[in-house]
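Student: Give me the fold of what follows.
(chains A and B)
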Amino acid sequence: MNMQDQTRPLLEYDGTTGELCKIFFTNLLFNVLTLGFYRFWGTTKLRRYVWSHMRFQDERFEYTGTGAELFKGFSLACMVIGGAWLAAHLGQSILLLATHSKLIAALPAFALFLLLAVLKASARYGAERYRLSRTMWRGIRGGMTGSAIGYGVRATLYFALCVVSLFQLVPWTSMRLAERRISTARFGSAEFRFEGRAAKVYGAYLLTALGYAVLLGVAFALFLKPMYHALHDMRLTHAKHLPIAFWGNLLGTYVSFVAGAWLVKSLYLVAMARHIAGNTSFGGMLSLSSTISVSGWIKLMGGNFLLLIVTLGLGYPLALQRSLRYLSDNLHAQGYVDPAALNQSTLREPTMGEGMLNLLDHGGAL
Amino acid sequence: VSDAAALRYFDGRTATAHDATLHIDGDVLIIGAADGEHARWPLRKVRHGAPDPDGVVALSCRGEAGRVLAHRRALPSALRGRDGKGARAVWMSLAALTFGLLIVCIAVLRDPARLSAFVPHAAEARLGDFAETSLTDSSRACDGVAGQQALERLEARIGRAAGLDAPVRIVVLDKPLANAFALPDSRMILMRGLIAQAGDANQLAGVMAHETGHIANRDPLNGLIRQWGIGAIAASFGVQLGVGDLSSMAGRLVGMSYTRDVERAADAHGIAYLRASGLRSDGLAAFFHSMRKQSIDGGLPRFLSDHPPTPEREAMNAGSPTGDDAMSPAEWRAVQSMCGPAPRRK
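Tutor: Predicted coordinates:
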């Protein structure tokens, strides 16, 4: 079959903006009317739509998760975090009474902070596991091995390593975490595999660091210097108010930093995404690749950002449609998955949805 | 989608598709194969998804790994139309219910008195007690006995005119702010700064009559209910205002701002109480006047800044100079020295 050697889109997406809008605005209406309680069911509805409009080897996916599962996961996450918060507060009071040391009494708060950091990272892993396990293709479902908490602990330790190494280990830790997320993923009996080489993206990473330095210089010359002068003049003239230009410069600094940093960072993010996609394979049958480009990425993400800002979030379906199209256009596969060779997953399915992610992160709508 | 692809069975063990047929025998769905049967599913356990873009529906059975993918039109009629219309009705009624609750909340926000009428007296008393305790925990209550008695005698007169059925409990706090406010359960807090600011006992009586107006109207309770209502609505949209936190209630009451209409009513009622009790009623206007003169340098004191503009209130509540003085000179001195020796004033 010539499908085997030809590079073709991994996923074909045939959803439309109009239908996404219909789902989004009905969800919005129900969310408002139920004071937000509906969102778990709304998210499920949206996912069902997107999954069923994604095809792999001409066969559609099916999303089998339910709103009740998401709600259960969310409730459990609320209880865990609420309990931890309560325990930390109680612990603080008890320690303060027992030791009269503010330093020792601050320990539970520190532990809580650490716990939240670990939970946040593991939430991402758990969410991926849930979504994979609820993805059905030709009667076969996905899954993930490994422990979410283990991933969270690792991610937190890696972050500490990054800080200690003055962020020079960022590419290395990102690779290791991506390996963990991808190489533990399964679909049916087949495994995803990814082995990354941080050295391949380190150049792009250094370039972004350089970009930040340039950005800082430009911002200083354009905005910070006049701001400093304005403050200085104010002291000399005893003026009561700062000139309007000062606030303009402050806004300029902020916007140029946020937008500039994001533009600079895109270079590294795209290099990373290409590296990850280019070195991922599935079950020895399929190898992936990506044609994501810096300009395409900036157009997509910058456009989505502006779209959401201008429409106050109501442009979400359009942004989602653009992202899904971009994904489908830029993620490719070579090889063929033989349905007869793909057996059912033996992994246990999680019984609850990705509550933690929903609570700690906005989790995205998908 | 070709007809051949219209009905396929996946056994859930491999991804291979098997040709299949569907027919119903009593309460069992039989999934037939070319050479026998793939599976038998009890109908009541059969789950039915929404059609995908090609019109293909997934059938599954609780407790079974297999799955049938069939075009909607290829389904036996007994299985058609099982795609969750019931859930929609549940959501519709839930939405209607919450919408109704929202309407009630808004009605309460517009006129909290509607709800405060249902608050039992014991609950209001506990609220008031809690608020007062947290205030006296953080600052000293002045305990000059003669002054306290003078204040209570004056307030008894005003309260009688206001038709209050219980005496108002007055607490003077040793704080330099020129502030006075009412708490739930007929309690009034005066601050040392206010007594120092008042030029004479009649001005103080004007302020006390104004606060008595709030008490008679249960404004502190109404205000709390209104804030809790706002907090509840905000919380339901995911905004945490920290209103449910009882410990910050006292702070809320101190900084409570009523609407202008509520303030105007309290002003007018205060004047009316003073008149009805045979007291001079021009004290409030005089107090406003002295505050206004002060505010030329340094802004308005906190408790006036949320209220209607001071000149307007001064003009609207001129009151009358006829009537008894609020206190004897000796009583007024006792009130002024309640928090210890009166600070020297220029």
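
Student: So which bits of the stretch 101-250 of chain A are right by chain B?
Tutor: Residues of the stretch 101-250 of chain A lying near chain B by Cβ under 8 Å from any Cβ of the partner chain: A:Met136, A:Trp137, A:Arg138, A:Gly139, A:Ile140, A:Gly188. Where C-beta positions appear, they are placed from N, C-alpha and C, glycine not excepted.

Student: show me what contacts the residue in the stretch 1-150 of chain B positioned nearest to chain A?
Tutor: Closest contact between the stretch 1-150 of chain B and chain A, by Cβ to the nearest Cβ, is at B:Phe10 (2.7 Å). Residues in contact with B:Phe10 (Cβ atoms under 8 Å, 6 or more residues apart in numbering or on different chains) are A:Arg138, A:Gly139, A:Ile140, B:Thr16, B:Ala17, B:His18, B:Gly66, B:Arg67, B:Val68, B:Leu69.

Student: Could you pull out the helices in chain B for me?
Tutor: Along chain B, counting by DSSP state H, helices occupy B:85-110, B:113-116, B:121-138, B:145-162, B:192-197, B:201-216, B:219-236, B:249-254, B:260-276, B:283-294, B:302-305, B:310-316, B:329-336.

Student: Would you list the phi and psi of the residue in the stretch 151-300 of chain A that chain B sits nearest to?
Tutor: Nearest to chain B in the stretch 151-300 of chain A, going by Cβ to the nearest Cβ, is A:Gly188, at a distance of 6.6 Å. Here the main-chain torsion angles of A:Gly188 (degrees, to the nearest 10) amount to phi 60, psi -130.

Student: tally of neighbours for the nearest residue to it once chain neighbours are set aside?
Tutor: The spatially closest residue to A:Gly188, leaving aside those adjacent along the chain, is A:Ile140, at 4.0 Å (Cβ to Cβ, 6 or more residues apart in numbering or on different chains). The number of residues packed near A:Ile140 is 25, by other Cβ atoms under 10 Å in any protein chain shown.

Student: residues touching B:Ser116, list them.
Tutor: B:Arg218, B:Leu221, B:Asn222, B:Ile225.

Student: can you give me the strands for chain A?
Tutor: Assigned by DSSP state E, the strands in chain A fall at A:8-9, A:12-13, A:54-56, A:59-60, A:62-63, A:135-137, A:140-144, A:185-187, A:190-194, A:280-282, A:286-290, A:331-335.

Student: could you dump those strands to TSV with mean pLDDT?
Tutor: Formatted as TSV, the strands of chain A follow (pLDDT from 0 to 100):
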stretch	mean pLDDT
strand A:8-9	92
strand A:12-13	95
strand A:54-56	95
strand A:59-60	94
strand A:62-63	93
strand A:135-137	94
strand A:140-144	93
strand A:185-187	95
strand A:190-194	95
strand A:280-282	96
strand A:286-290	94
strand A:331-335	94
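
Student: Those strands: which one's closest to B:Met208?
Tutor: Among the strands of chain A, the nearest to B:Met208 by Cβ to Cβ is strand A:62-63 (67.2 Å).

Student: low pLDDT regions in the stretch 101-250 of chain A?
Tutor: Along the stretch 101-250 of chain A, no part satisfies pLDDT under 70.

Student: Quick check: the closest residue to B:Arg226 other than its chain neighbours vs A:Ala221, distance?
Tutor: The spatial neighbour of B:Arg226 that comes closest, neighbours along the chain excluded (Cβ to Cβ, 6+ apart), is B:Pro112 at 4.5 Å. To A:Ala221, B:Pro112 is 56 Å away according to Cβ to Cβ, to the nearest Å.

Student: Look at those two and report which has more neighbours.
Tutor: Counted by other Cβ under 10 Å, B:Pro112 and A:Ala221 do not tie: B:Pro112 has more neighbours, with 22 against 10.

Student: Just to check, that one is in contact with B:Gln227?
Tutor: No: the criterion here is Cβ atoms under 8 Å, and B:Pro112 misses it with B:Gln227 at 9.2 Å.

Student: ok, now which ones touch the spatially closest residue to A:Gly67 that is not a sequence neighbour?
Tutor: In space, A:Gly67 comes closest to A:Trp41 once its chain neighbours are excluded; the distance is 3.2 Å by Cβ to Cβ, 6+ apart. A:Trp41 sits next to A:Phe30, A:Gly67, A:Leu70, A:Phe71, B:Ala87, B:Trp91 when contact means Cβ under 8 Å, 6+ apart.

Student: Buried only: go through those residues for me.
Tutor: Buried subset of these (neighbour count, 16 or more other Cβ atoms under 10 Å in any protein chain shown): A:Phe30, A:Gly67, A:Leu70, A:Phe71, B:Trp91.

Student: measure A:Cys294 to A:Leu215 for me?
Tutor: If you look again at residue A:294, you'll see it is Val, not Cys. According to Cβ to Cβ, A:Val294 stands 16 Å off from A:Leu215.

Student: B:Gly206 is in contact with B:Leu284, isn't it?
Tutor: Yes: counting by Cβ under 8 Å, B:Gly206 touches B:Leu284, with 3.0 Å between them.
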